[in-house]
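Undergrad: fold the following for me, if possible:
(3 chains)
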Amino acid sequence: MPELPEVETIRRDLNKFLSGKKITAVEVRQPRLVKPSVTKLKKALVGARVGRVSRRGKMLVWHLPKQQKLLVHLKMTGQIVWRQGGGKLMVGGHPIIGVDTVPNKYTHITVSFTGGGKLYFNDTRKFGYWRLVDDATFTDISQKNFGPEPLSVAFNANYFLAYLKKHQRALIKAILLDQKTVAGIGNIYADESLWLAKVKPQRWVGKLHPAEIKLLVASIKKILKEAVKYRGTSFNSYVDSLGRAGTYWPHRKVYGRGGLSCKRCGTIILKTRVAGRGTHYCPKCQR
DNA sequence: AGATGATCCTGTATGC
DNA sequence: TGCATACAGGATCATC
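TA: Here you go, the predicted model:
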């Protein structure tokens, strides 16, 4: 499900909810999703106070005592839902949409906190995982498997030009989806960024002009910032930590708009397959 | 090196 | 209604 904007939304809210609270219990219904083991997870969590929650690409990173970190990846359908007390939750007088009841049949992990709050991990397809690591391992993973954060200064035209020089024979969309290029872009925002930069997803990296590469960097930043502002995109299972949908969907330009007209030139948006993923683009203004 | 397809799962949409 | 097929915000692995 979630790409950077969705995970970032969850991260910000979790920091408010979890701040200063201590974990009193951990219940795991799907041991397979926990690494290295349920026993070790419980040992690290129960009794601990969660420090801040950060993010690396699409991973949530819980800072724990004793130089440990909990890496939570939601993959396609993972949800993190916070409930303070029972009953139907309301926000601004309106009932919350998305997740009506927790725990439900897709709740695989429940973490209880002092003060009565509970955090639920739901995941229909069970691709997500909770992985406990020590700080050194996290640093290692972070450096080896992830490129720069797209909204940081480290992700800039110079970096991107140099990186692409090493991958001349790849398709640009495949490169954007690779977390080693830049961490946090997924299928929706890859398509949206390419549309904004007027670059065809199947373009060979080696044939991109420096000006296009520069524009692509700016487009990625712009799209992601905008999507964070709207608290992410929901068309199916994504909800934030209070069970609310993200509101970026109506603002998207191409993703899921195959057969509809391009917002820039009116040409019919095509849907095809690139890098094994459904890919949407305008055949006229993306070259 | 990089593309492709299968794989981990379950739900939903579409077509016959 | 039933049944088959394709596809879904991710990422990894084997194979070509």
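Undergrad: now stretch A:183-197 - C-alpha only, CSV.
TA: Extracted as CSV, the C-alpha positions of stretch A:183-197 are listed here (Å, rounded to 0.1, in the frame of the first residue of the first chain):
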residue,chain,number,x,y,z
ALA,A,183,14.0,5.7,-1.1
GLY,A,184,10.2,5.9,-0.8
ILE,A,185,8.8,6.2,-4.3
GLY,A,186,6.3,3.5,-5.3
ASN,A,187,4.0,2.9,-8.2
ILE,A,188,1.6,5.8,-7.8
TYR,A,189,4.2,8.5,-7.3
ALA,A,190,6.6,7.2,-9.9
ASP,A,191,3.8,7.6,-12.5
GLU,A,192,2.8,11.0,-11.1
SER,A,193,6.4,12.3,-11.1
LEU,A,194,7.1,11.1,-14.6
TRP,A,195,3.9,12.8,-15.8
LEU,A,196,4.9,16.1,-14.2
ALA,A,197,8.4,15.9,-15.7
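Undergrad: stretch A:48-57 near DNA strand C at all?
TA: Yes. With Cβ under 7 Å from any atom of the strand as the measure, stretch A:48-57 is seen reaching DNA strand C through residue A:57. The way it works is simple: take the backbone N, C-alpha and C, and place the C-beta from them, glycine included.
Undergrad: which parts of the stretch of helix or strand residue A:214 belongs to are buried?
TA: According to DSSP states H and E, residue A:214 maps onto helix A:210-229. By neighbour count with 16 or more other Cβ atoms under 10 Å, helix A:210-229 contains the buried residues A:212-217, A:219-221, A:223-224, A:226-228.
Undergrad: lowest-confidence helix or strand of chain A?
TA: Scoring the helices and strands of chain A by mean pLDDT, DSSP states H and E places strand A:94-95 at the bottom, with a mean of 46.
Undergrad: state the next helix or strand along the chain beyond that strand.
TA: Counting by DSSP H and E, the next helix or strand C-terminal to strand A:94-95 is strand A:107-113.
Undergrad: what sits up against that following strand?
TA: With contact meaning Cβ atoms under 8 Å, 6 or more residues apart in numbering, strand A:107-113 is reached by A:18, A:21-30, A:33-34, A:45, A:103, A:118-123, A:126, A:130.
Undergrad: which of these fall within helices?
TA: Applying DSSP state H to the contacts of strand A:107-113, the entries found in helices are A:18, A:45.
Undergrad: show me which of the contacts of strand A:107-113 are buried.
TA: A:18, A:21, A:23-24, A:26, A:28, A:30, A:33-34, A:45, A:103, A:118-123, A:130.
Undergrad: those residues: which ones sit near DNA strand C?
TA: Among those, no residue lies close to DNA strand C (Cβ under 7 Å from any atom of the strand).
Undergrad: now, which of those lie within strands?
TA: Counting by DSSP state E, the buried ones among the contacts of strand A:107-113 place A:23, A:24, A:26, A:28, A:34, A:118, A:119, A:120, A:121, A:122, A:123, A:130 in strands.
Undergrad: near DNA strand B, which residues of chain A?
TA: A:32, A:105, A:124-127, A:166-171, A:174, A:205, A:274-276.
Undergrad: are any of those buried, and which?
TA: A:124, A:167, A:170, A:171, A:174, A:205, A:274, A:275.
Undergrad: quick revisit: which of the buried residues of helix A:210-229 sits closest to DNA strand B?
TA: Taking Cβ to the nearest atom of the strand as the measure, DNA strand B lies nearest residue A:213 of the buried residues of helix A:210-229, at 14.6 Å.
Undergrad: tell me if I'm right that the closest one and residue A:163 touch.
TA: No. Contact between residue A:213 and residue A:163 fails when scored by Cβ atoms under 8 Å: they sit 9.6 Å apart.
Undergrad: one step back: now for the helix holding residue A:214, which elements pack on it?
TA: On a contact count with 3 or more Cβ pairs under 8 Å, 6 or more residues apart in numbering; DSSP states H and E, helix A:210-229 meets helix A:4-18, helix A:157-165, helix A:187-196.
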